[in-house]
Structures are given as C-alpha cells and as structure tokens.
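Chemist: model this:
(chains A and B)
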Amino acid sequence: MDVLGMTLRAEGLKKSFGARVVVDIESLEVAAGRTLAILGPSGAGKSTLLSILGLLEKPDAGTIYLDGRPVHFRDKSARMHMAAAFQSPYLFRGTIADNVAYGLKLRRVPSRKRREDISNALARVGLEGWEDRGVHTLSGGEAQRVALARAMVLRPSVLFLDEPLASLDPLAKGALASDFSRIIREDSMTTVYVTHDQNEAVSIADQLIVMRDGRSVAQGETYEVMGLPPDEWTAEFLGAGEPLEGEVVESGDDLLGIDIGGQKIWAVGTFSKGERVLVGVRPEDVLLFEGEADIPRSTARNRLDARIVDVRMWGVMHHIVLRTDGGLIASRVSHFSVRDMGLAPGAFVQAVFKATAVRVRLAPGNGSSRSSERGSFSDVTTMGAGD
Amino acid sequence: MQVFTESIGQATRLLFEGSGGIWPVILTTLEVAFFSTLAGFVLGVPMGFLMGATRFRGRNIFIAVTNTFMAVPPVVIGLLVMMVLSRQGPLGSFGLLYTVDAMVIAQTLISTPIIAGLTAAAVGTVPRKLRLQARSLGASRFQEALLVIREARLGVLAAVAGGLGAVIRGVGAVLIVGGNIEGETRVLTTAIVQESRRGDFAKALALCVILLVIALALNAFITWYQHYSERSENA
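Modeler: Just a heads-up that it's a prediction; the model follows:
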C-alpha cells in the first residue's frame, strides 16, 4: 500500500490553563508512516498535547509543521489530512453508515464512492455489513471499531488516537489493539497514540514520549526509552530499573565490557574504552535462577549474582528488585515462579540477560550525548546488533 | 356538565359550518403562531447554541437577560412593542400597529427567549469532546454547531414546542398590539376573551376546545417525531 503518512513536527509548544502549565514541549518529530506513543500518568498533558498536534486546540505558543509546512489551529486544509478517535467513541446519532460517512460528506465524496468506502472501512475493522445498525445497539468494542473506521475511511496522513482502548474490557482491548496495530501499519499512516498503558505503547509505537506535568521527560525509540529511562521517576513509571553508571573497560567487535561497581556487564556497542556510560536492562529481559542452580548453556553473556530486595505485584506478573554489586536491576516473573523458586526479599539468585538486551548511553558530563541512527528524535542510544 | 357538551357541539358546528367567522380566526392564529415560532427558531436556536455550547465574554449576562425575558409577562412585551410601533414610536412610520405583523413581532419576542433558553440547556448536555471529534474529522465551526444542534435535536424540538405553546396560549401581547380586529387581527385567544366578556360562555368554551385541538395536534406531531427519532436510532 502507498505511504500515506506525513512528517509531523512541533517546536516550542506551550499551553496553560490559568497558572497551570499543561503542555511545555520543546520539540518532537514523528517521521512519515511512524507511530509515536505519548505515555504518561493521568493529568500529564497527553490529551492536550494530542489536541494541539491535531490542530483541535490552540497552543499559547509554538509551531506545528506538516511535511515541513507550518500549520495552525483551524487550518482547514491541514486538518483535512488528519483524523482522530478518542477514548469515548463519541458516535453521532444515527446509523453506523451515517457516522462513517460524516467526514466523507465534509469532503464532498460522491455518494456512490462514499458507500464503497464505508463498506470497505467497516470490513477492515471487522464490521462488514453493519452499515444500517443504530449506534445505540453497539458494545464498547464495536463502537470503538466504528470510531476507528470513521477516522480511517478518510485515509488521513496523520491519525490521532487518544486512549482508544482505555475503556474496554481486557478481551476487547486485546483484539482491538492487534487490529489497530495492523491497520496503522498497513496504511502507513503517521500515528500519534496517547496512552497511560506501557504495554499498549510498546505493542503499537515506534517512538515514545513520556510526559510528566506537561513536560517531556523522555523521548526516543520505544525500546530505547523503555530499556534505559533517563531518570528515576521515568524508570519507576515505566517499571524499569534505574540506570546504572559504569566505565567501558573493553571495546571491540561491537562488544563492550562495562565495569559497574566491580561487576562486568556485557553490552553491544561502539563506545571507547574509558568512557563513562549509563546502562539499563528491561525487567522482561532478565531471567532468574536460584542462587546455586546450574545455568543452562545459552547465548546470554551476563550472569550476575544478586539478592532480592523487593517483590511486588505488577499486573499478572511479579516485579522483583535485585541488588547486584553494580546497583539495582529488576526482573519480572510469573506468580508461579515466585512461589516455585521461593523468591522473597533476602533470597539469593542469579540474574541472566543477553548483551543485546542492555541499552547504553553516554553518562552526563561525558561529552555530547550520541544520537541514534534514526536521527533527532532521541535522547537515548541503543546498540542494536545481536549477541 | 351540559355546558361542556353544548360547547363541543358548538365547536363542531363553528368548524364545519364556518359560522361566526371562525376560520379567519383560526387561520390568523396559525399564521401568527407559525411565523413567530419560525422567527423564534431562527433567532433562538443560534442564541441557545452560543449560550449552551460556547464561552465568550459577557455570556453570563446574556444568559441572565434571556432568562429574565423568559419570565416577562406577555402584556409587558405587548406594551413595549406597542410603544415602539405607535405613531410616536421609533418605528411608527411603518404603520404596523394593529396588524398581524405587529402580533408576529410581539410573539417572536416571547418565543425567542424560551427557545433560546431551552436550546441552551439541550446543547449544554452534548459533550464538548463530540465537537472536537467532529473538528478532527474536518468540520468547520458552522458544521460543528449544526452537528451539536442535530445531536440535541430532541431537546431543541422541545424548545420549539415550548416557544410554540407560549405563542398559542399568549393573549396579552396580541391583544395590545393586534387590537382584536375582527377579520384582521382576531386570534383564538383574543376571541375567547371577547366572548367571555360578552357572556357567551358556550362560544368561548367552543373556541377553547378548538384551541386545545390545535395544541393537541401540534404536540402529537412533536411526540411522534421524538418517538420516531429514538426508534430509528435504536434500530
């Protein structure tokens, strides 16, 4: 399918309600066809940022560029390239066809073509032949599918989705998340996706911006931000361990040996010997073995002795915080494993993870931060080669 | 009890025999009601939208004035309109006093605040995000407003019914600015007043029956439309 997406860029966006700053974003960019997730707790300003980017609300300051062209609030020609779906589907009175037809009518699409487009859009969201049903007969998941069809039928260059799955039950959420992801990728739309659920963000987004109190606290490629958050708050919010600081002591063939508090961690990358770096690893990438257990042969280079300092629930998993000689890391394991292995504070374990799972970036005060291959939208650098 | 049955019979005779010049009275009633409700709709719905769905400086004062006008007695409106349209008044040169046009003007001033106030309440219940949704699909401000009014259409219809009801039942204003001139500005309510004063209670009651039948027919239509809208949406 043709690439529909346009590059969306914003600079110096500011918005306040009274004395309260709700958005203060220096810059962000989503390349054509990519998906940006805006992640953050309630009240972080995510939805306001989305409304501003979608030209639905006027910022107090700042400029938005669509494929390099500055566009403004209520710029009708620019808005014709955009469409949005919100947490509540906000279906209009009437039938499903009436709803999906709304944007097409505004664009004066002839009725015959309109009927075809509606039929195709409904088929893509799994509601084939539902044109004449009244909107009040729909379940939450079905209504959200109609909302997506209503936006998607316009073939927007930029699609804005504001927590579209937040009000759904887990079953509907799972099914819809996978359909949303497929449709977005098939159409190569540039997508901005607001969520407070990091699982949704990881499954759908190429890029991530984490917001707190209206400001961006982390921006970058999704797996980079998730693997190596820039500060303690972000790490806590993302359920990741805090970054560990160490020194590159070995470097060659894209493989780094990093000394962290006397413990060597292997990572993949091209930093030079002697450089100070920050290191992070996602809890999902860390396997735990009992302290004395024989670890099966594997490609995982990193095997650290650790002591459990905290065990807490994390959805259907347990989040285990471990103290190593180099600092704290975390692992996530099932309830069954916690019980079976007797994982409790004070227990000794071995933490095992691959070098490719380790994210590395230069520590502050160690020269300018290196950018990733994908360019400006990155505060975090990852080393992408295999073990 | 006999007077009631007699009046129903008389009402039937008045209608079918056309005696007592009843049809011009009914037609004038409908004419004044139609045009003043139409004008009230054209003016009141946008006013109601502004009050209920937008924020602007002075909005609260605007709402307070509208609400006050909803409660102003029709005779006061009639008096004000008469002063404006009388020969010494600012619009005296148009010679509108004691014409159907004057009655329509007075009744419009009665229906507009009612339609505006009730429309404001109806559109106020439409979520703001629904407008953002329409905007995100490419709607202009005007198209957004149309959508909001469409979404609140049952409430807007009730507002129009309220305006129409006030116009049909109103007597004070039309009596003052219309003058109750037979064959010209006499409407059902002013005719009822006249017949009551003359002591012809049977005829007055017969006119009341006709007025009630008209009100019933209009309300039946509105109720049917509301029912039809709800049913088609739940299909």
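
Chemist: neighbouring contacts of the helix or strand hosting residue B:166?
Modeler: Here residue B:166 sits within helix B:153-169, counting by DSSP states H and E. Helix B:153-169 is contacted from outside by A:93, B:29, B:32-33, B:36-37, B:40-41, B:44-45, B:48, B:74, B:107, B:110-112, B:114-119, B:121-123, B:125, B:149, B:188-189, B:211, B:214-215, B:218-219, B:222, B:225-226, B:229-230, using CB atoms under 8 Å, 6 or more residues apart in numbering or on different chains. C-beta coordinates here come from the backbone N, C-alpha and C atoms, glycine included.

Chemist: repeat that with 7 Å
Modeler: B:33, B:36-37, B:40-41, B:44-45, B:48, B:107, B:110-111, B:114-115, B:118-119, B:121-122, B:149, B:189, B:211, B:214-215, B:218-219, B:222, B:225-226, B:229 (CB atoms under 7 Å, 6 or more residues apart in numbering or on different chains).

Chemist: which SS class is residue B:49?
Modeler: Following DSSP: H, G, I helix; E, B strand; the rest coil, residue B:49 is assigned to helix.

Chemist: and it, what does it touch?
Modeler: Applying CB under 7 Å, 6+ apart, the residues near residue B:49 are B:119, B:123, B:145, B:148, B:149.

Chemist: now do residue A:332
Modeler: A:283, A:284, A:314, A:317, A:318, A:319.

Chemist: of the residues you listed - the most surrounded one?
Modeler: residue A:283 (22 neighbours; other CB atoms under 10 Å in any protein chain shown).

Chemist: surely that residue is in contact with residue A:321?
Modeler: No: using CB atoms under 7 Å, residue A:283 is not in contact with residue A:321; the gap is 9.0 Å.

Chemist: show me what the lowest-mean-pLDDT helix or strand in chain A is packed against.
Modeler: Here the helix or strand of chain A ranked lowest by mean pLDDT, DSSP states H and E is helix A:170-187, holding a mean of 81. Applying 3 or more CB pairs under 7 Å, 6 or more residues apart in numbering or on different chains; DSSP states H and E, one finds that helix A:170-187 contacts helix A:140-152, helix A:198-204.

Chemist: what sits up against the longest one?
Modeler: By that I understand helix A:140-152. Applying CB under 7 Å, 6+ apart, the contact partners of helix A:140-152 are A:83-85, A:89, A:91, A:96, A:99-100, A:102-103, A:121-122, A:125-127, A:135, A:138, A:159, A:164, A:167-168, A:172, A:176, A:180, A:183, B:137.

Chemist: regarding residue A:126, what is its secondary structure?
Modeler: Applying three-state DSSP: residue A:126 is coil.

Chemist: please, which helix or strand holds residue B:132?
Modeler: Applying DSSP H and E, one finds residue B:132 within helix B:128-136.

Chemist: give the buried residues for that helix.
Modeler: B:129, B:130, B:131, B:132, B:133, B:134, B:135, B:136 (16 or more other CB atoms under 10 Å in any protein chain shown).

Chemist: helices and strands around that helix, which ones?
Modeler: strand A:82-85, helix B:141-151.

Chemist: adding mean pLDDT, mean neighbour count and distance to residue A:7, write the ones you listed out as a markdown table.
Modeler: Formatted as a markdown table, the helices and strands packed on helix B:128-136 follow (pLDDT from 0 to 100; neighbours: other CB atoms under 10 Å in any protein chain shown; distance: least, CB to CB, whole Å):
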| stretch | mean pLDDT | mean neighbour count | distance to residue A:7 |
| --- | --- | --- | --- |
| strand A:82-85 | 94 | 27 | 13 |
| helix B:141-151 | 94 | 17 | 28 |
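
Chemist: sorry, back to before: the helix holding residue B:166 versus helix B:141-151: what angle between them?
Modeler: Comparing the axes of helix B:153-169 and helix B:141-151 via axes from the mean of the first three to the mean of the last three CA atoms, to 10 degrees yields an angle of 80 degrees.

Chemist: what about helix B:153-169, distance to the chain center?
Modeler: Mean C-alpha position of helix B:153-169 versus that of the full chain (CA atoms, centre = their mean, to the nearest Å) differs by 6 Å.

Chemist: which SSE is immediately downstream of it?
Modeler: helix B:172-178.

Chemist: format the CA atom coordinates belonging to that following helix as CSV.
Modeler: Output in CSV follows, covering the C-alpha atoms of helix B:172-178 (Å, rounded to 0.1, in the frame of the first residue of the first chain):
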residue,chain,number,x,y,z
GLY,B,172,-51.8,39.8,26.5
ALA,B,173,-49.4,40.9,23.8
VAL,B,174,-51.5,40.1,20.8
LEU,B,175,-54.5,41.9,22.4
ILE,B,176,-52.4,45.1,22.9
VAL,B,177,-50.6,45.2,19.6
GLY,B,178,-53.2,43.5,17.4
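
Chemist: tell me the mean pLDDT for it?
Modeler: Predicted confidence along helix B:172-178 averages 92 (mean pLDDT).

Chemist: helices or strands up against that helix?
Modeler: helix B:74-85, helix B:100-123, helix B:188-198.

Chemist: gap between the residue nearest to residue A:71 when sequence neighbours are not counted and residue A:157?
Modeler: Leaving aside its sequence neighbours, residue A:71 sits nearest to residue A:78 (CB to CB, 6 or more residues apart in numbering or on different chains; 3.8 Å). Going from residue A:78 to residue A:157 by CB to CB, to the nearest Å gives 10 Å.
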